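Visitor: Could you work out the structure for the sequence below:
(chains A and B)
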Amino acid sequence: MGAIIKGIEYVYPERKITNQDLTNDYPDYDFSKFEDKVGIKNRYWVRDNETALDLAKKACDMLFEKHSKQKIDYILYCTQSPEYFLPTTACILQDYLKINKNTGALDFNLGCSGFVYGLSLAKGLINSGQAKNILLVTAETYSKYIHPKDRSNRAIFGDAAAATLITYDSKEYIGEFLFGTDGSGYDKLIVKNGCSNPLELVPNEITYGTNNMYTDNHLYMNGPEVFNFTNEVIPNFTKEVIAKNEIEFENVNQFVFHQANAFMLNFMRKKLKIELDKFFIDLEDGGNTVSCTIPIALKKYSLNIEEDKLETIALIGFGVGLSWSGGIISIKHKL
Amino acid sequence: MKKTEFLTRLKEELEFESNLEINTNIKELDDWDSMAAMVLIGFVSDEFGITLNADDIAAITTIESLIQKIGQDKFN
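Guide: Next up, the predicted model:
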């Protein structure tokens, strides 16, 4: 008995923000270098009345145009943009999709490591006989958290949702996983207020980095520290994931890392001595969509593979938490 | 590394428009931004095996101060 990824669909919001749009908002900043180094041309942001759940619904509708939802018996919903404090967003999604009531449904709060976590949970549910057909959704709208004058984060982050179908199979297509956590870095990427700390009515505006602004009601990212954490931890972690799966580095057909930013990805790629064509980098359209980057990348990559030729893919997620996760999967069809 | 070479390499890596002098305050350059900070951290890590953290980045002013942070012994 094993588990297999059957399909992935993703959506961006309709509102497309180009680098030219950002130049209009921040006329003193030259985005051409940003485009070149960070690799992002557009990102998509939801409108005020649109939520991550709205995006998730669309992605799921697309998925179920191609696959049956009759046998879904578990919904895993990864988000840091839940619809409400309570109830669980996955429950609302069950009702919207009219999925059987004898289904499990839960939300889990993770960012860039979330998709790989979701896969490992799905595999665990399937291989322990608790579920057979799992809907894994990642949905994120960081744009709602970013201060209007936080140019750097507005340029990097985009909104998206991805829906992935994982089912049982007679063979195993999902390999071994490893995880990492360092909560001492919890405040390196954080939205402080809005949960147990109420939003402040007149929050203090703080300037940071190079003329970026945030308040404790908004998203804050300590760029240098997140960059250093990633470069110090992730290359070795990647090697450990490969070793755990008892495969050789050169037998991995593609490395799909969380698409954080192109410069950082290339920095790690060089450290790991991975050839360009084996290392997925594509943030041009969409930017950093947090837990959605890996399923989006996986979908895009799969569209170019040969049918029925087994591909071994390493998935590595890392970021807010600090949290990281990695695993190996095999695919042999377009997702 | 020679300090003159460091100045040239730094200008190349960070794609700064203007030439750098030892007492140039990089924070005052138009080209300085959080992306330049990221590229700088990567360059220093690659070349010198030294990790500049957020406090280091905040504290740096002139190239000389950056050299001191990296360590004078790394330069000849």
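Visitor: who touches the closest residue to B:Leu10 other than its chain neighbours in this structure?
Guide: The spatially closest residue to B:Leu10, leaving aside those adjacent along the chain, is B:Leu20, at 5.9 Å (C-beta to C-beta, 6 or more residues apart in numbering or on different chains). For the C-beta atoms, the positions are set from N, CA and C on the backbone; glycine is no exception. The contact partners of B:Leu20, taken as C-beta atoms under 8 Å, 6 or more residues apart in numbering or on different chains, are B:Leu7, B:Leu10, B:Lys11, B:Ile26, B:Ile63.
Visitor: try it again with 7 Å
Guide: B:Leu20 makes contact with B:Leu7, B:Leu10, B:Lys11, B:Ile63, according to C-beta atoms under 7 Å, 6 or more residues apart in numbering or on different chains.
Visitor: any chance of those in CSV, plus neighbour count and secondary structure?
Guide: As requested, the contacts of B:Leu20 are exported to CSV (neighbours: other C-beta atoms under 10 Å in any protein chain shown; DSSP: H, G, I helix; E, B strand; the rest coil):
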residue, neighbour count, secondary structure
B:Leu7, 17, helix
B:Leu10, 20, helix
B:Lys11, 16, helix
B:Ile63, 19, helix
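Visitor: Which pair of those residues spans the longest distance?
Guide: Largest separation among these by C-beta to C-beta: B:Lys11 and B:Ile63, giving 10.1 Å.
Visitor: what bridges to the residue lying closest to A:Tyr173 once chain neighbours are set aside?
Guide: Using C-beta to C-beta, 6+ apart and skipping residues adjacent in sequence, the residue nearest A:Tyr173 is A:Ile4, 4.1 Å away. As for beta bridges, A:Ile4 partners with A:Thr167 under DSSP bridges.
Visitor: how far away is A:Ile4 from A:Ala162?
Guide: 17 Å (C-beta to C-beta, to the nearest Å).
Visitor: Those residues of the stretch 151-300 of chain A touching chain B, which are they?
Guide: A:152, A:209-210, A:212, A:222-225, A:227-228, A:231, A:263, A:267 (C-beta under 7 Å from any C-beta of the partner chain).
Visitor: tell me the secondary structure for residue 13?
Guide: Picked chain A for this. Secondary structure, DSSP: H, G, I helix; E, B strand; the rest coil: A:Pro13 is coil.
Visitor: Over to A:Pro148?
Guide: Quick answer, by three-state DSSP: A:Pro148 is coil.
Visitor: contacts for stretch B:56-70?
Guide: For stretch B:56-70, the external contacting residues (C-beta under 7 Å, 6+ apart) are A:224, B:3, B:7, B:20, B:22-27, B:37, B:44, B:48, B:50, B:52, B:75.
Visitor: I should have written stretch A:233-240 there, sorry.
Guide: By C-beta under 7 Å, 6+ apart, stretch A:233-240 touches A:Leu178, A:Gly180, A:Met268, A:Lys271, A:Leu272, A:Ala314, A:Ile316, A:Phe318, A:Trp324, A:Gly326.
Visitor: mean confidence for it?
Guide: Stretch A:233-240 comes out with an average pLDDT of 97.
Visitor: got the buried residues for that stretch?
Guide: The neighbour-count check on stretch A:233-240 (16 or more other C-beta atoms under 10 Å in any protein chain shown) flags A:Ile234, A:Pro235, A:Phe237, A:Thr238 as buried.
Visitor: How about stretch A:291-305?
Guide: In stretch A:291-305, counting by 16+ other C-beta under 10 Å, buried: A:291-302, A:305.
Visitor: Could you do stretch A:201-211 as well?
Guide: The neighbour-count check on stretch A:201-211 (16+ other C-beta under 10 Å) flags A:Tyr208, A:Gly209, A:Thr210 as buried.
Visitor: what about it, start to end distance?
Guide: One end of stretch A:201-211 to the other measures 23 Å (C-alpha to C-alpha, to the nearest Å).
Visitor: need the residues of chain B near chain A, please.
Guide: Proximity of chain B to chain A, by C-beta under 7 Å from any C-beta, involves residues B:15, B:32-35, B:37-39, B:41-42, B:45, B:51, B:53-54, B:57.
Visitor: and the two most separated of the residues you listed?
Guide: B:Glu15 and B:Asn53 (23.1 Å).
Visitor: Helices along the chain, start to end?
Guide: I'll assume chain A. A:19-25, A:31-38, A:52-66, A:89-97, A:114-127, A:151-156, A:223-244, A:262-272, A:293-302 (DSSP state H).
Visitor: should've been chain B
Guide: B:3-14, B:34-48, B:54-59, B:63-70.
Visitor: Buried deepest among those, which one?
Guide: Burial of those is given as mean neighbour count (mean count of other C-beta atoms under 10 Å in any protein chain shown); helix B:34-48 ranks first at a mean of 20.
Visitor: angle of that one against helix A:31-38?
Guide: Following axes from the mean of the first three to the mean of the last three C-alpha atoms, to 10 degrees, one obtains 40 degrees for the angle between helix B:34-48 and helix A:31-38.
Visitor: Provide the angle between the direction of helix B:34-48 and the direction of helix A:223-244.
Guide: 50 degrees.
Visitor: and helix B:34-48, what other elements does it pack with?
Guide: helix A:31-38, helix A:223-244, helix A:262-272, helix B:3-14 (3 or more C-beta pairs under 7 Å, 6 or more residues apart in numbering or on different chains; DSSP states H and E).
Visitor: Select, out of those, the one closest to A:Gln80.
Guide: Taking the helices and strands packed on helix B:34-48 one by one with C-beta to C-beta, helix A:223-244 is closest: 15.3 Å.
Visitor: So what's the gap between that closest one and the chain middle?
Guide: 17 Å (C-alpha atoms, centre = their mean, to the nearest Å).
Visitor: now could you export just the CA positions of it as PDB?
Guide: Written as PDB, here are the backbone C-alpha positions of helix A:223-244 (Å, rounded to 0.1, in the frame of the first residue of the first chain):
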ATOM      1  CA  GLY A 223      15.200  39.700   5.800                       C
ATOM      2  CA  PRO A 224      18.900  39.200   6.700                       C
ATOM      3  CA  GLU A 225      18.100  36.700   9.500                       C
ATOM      4  CA  VAL A 226      15.700  34.700   7.400                       C
ATOM      5  CA  PHE A 227      18.300  34.600   4.600                       C
ATOM      6  CA  ASN A 228      21.000  33.500   7.000                       C
ATOM      7  CA  PHE A 229      18.800  30.800   8.600                       C
ATOM      8  CA  THR A 230      18.000  29.400   5.200                       C
ATOM      9  CA  ASN A 231      21.500  29.300   3.900                       C
ATOM     10  CA  GLU A 232      22.900  27.800   7.100                       C
ATOM     11  CA  VAL A 233      20.300  25.100   7.600                       C
ATOM     12  CA  ILE A 234      18.700  24.200   4.300                       C
ATOM     13  CA  PRO A 235      21.600  22.900   2.100                       C
ATOM     14  CA  ASN A 236      22.700  20.300   4.700                       C
ATOM     15  CA  PHE A 237      19.100  19.500   5.500                       C
ATOM     16  CA  THR A 238      18.600  18.800   1.800                       C
ATOM     17  CA  LYS A 239      21.500  16.300   1.900                       C
ATOM     18  CA  GLU A 240      19.900  14.600   5.000                       C
ATOM     19  CA  VAL A 241      16.600  14.200   3.200                       C
ATOM     20  CA  ILE A 242      18.400  12.600   0.200                       C
ATOM     21  CA  ALA A 243      20.300  10.300   2.600                       C
ATOM     22  CA  LYS A 244      17.100   9.400   4.500                       C
END
